[in-house]
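Chemist: build the 3D model from these lines:
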Amino acid sequence: MPKVNNIAQHMLNEDAFSEWMGIKIQNIDQKGCTLSVEVRDNMTNGFGIAHGGILFSLADTALAFAANHLGQIAKTVQAQISFFKPVYKNDVLHAVCTLTHQGHKLMHYNIEIVNQHKEQVAQFKGTVYKSSKTW
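Modeler: From the prediction side, this is the model:
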């Protein structure tokens, strides 16, 4: 089991949606995090591919874990995703979240989603607001 800090573990324990998705924290540090999930049948749409909301949710969760890991309560203020390849049942996705800019109140992250073949299937960019409240 990977070592996870108390903030991320608390967030994961309280997140019923991430539990339903089966999200696992692979690593987390000051620069970002990596999460993974295996796509199940009930995550696919009428075309037999993973619903875009699944990829968005995985990336948004990585953004939240990475930003809050730093100790201040952070909330997403902007997010955007681009889809490159279809994702199918049984694919294993990895969301690799990297901090690209840290200002006084805003932080920017890039999240690359790759499949088990290390092919990039989507890219997510997110901005979070750091509040003055701490965990």
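
Chemist: start and end of stretch 35-48, how far apart?
Modeler: Start-to-end span of stretch 35-48 (CA to CA, to the nearest Å) is 23 Å.

Chemist: check which residues of that stretch are buried.
Modeler: By neighbour count on 16 or more other CB atoms under 10 Å, the buried set for stretch 35-48 is 35-37, 39, 43-44. Yep, even glycine has a C-beta here, placed from its N, CA and C like the rest.

Chemist: for stretch 20-36, same thing?
Modeler: Neighbour-count burial for stretch 20-36 [16+ other CB under 10 Å]: 21, 23-25, 28, 32-36.

Chemist: just those residues now: which is nearest Gln78?
Modeler: Gly32 (17.5 Å; CB to CB).

Chemist: next one: Lys130 from His69, what distance?
Modeler: 12 Å (CB to CB, to the nearest Å).

Chemist: of the two, which one has the most company?
Modeler: It is His69, of Lys130 and His69, that has more neighbours when counted by other CB atoms under 10 Å, with 25 against 20.

Chemist: surely the more buried one and His10 touch.
Modeler: No: at 10.9 Å, His69 and His10 do not qualify as touching, with contact defined as CB atoms under 8 Å.

Chemist: now for the helix ranked longest in the chain, which elements pack on it?
Modeler: Identified as the longest helix of the chain according to DSSP state H is helix 52-68. Judged by 3 or more CB pairs under 8 Å, 6 or more residues apart in numbering; DSSP states H and E, helix 52-68 is in contact with helix 6-13, helix 16-21, strand 24-29, strand 32-38, strand 72-83, strand 92-102, strand 106-114, strand 120-134.
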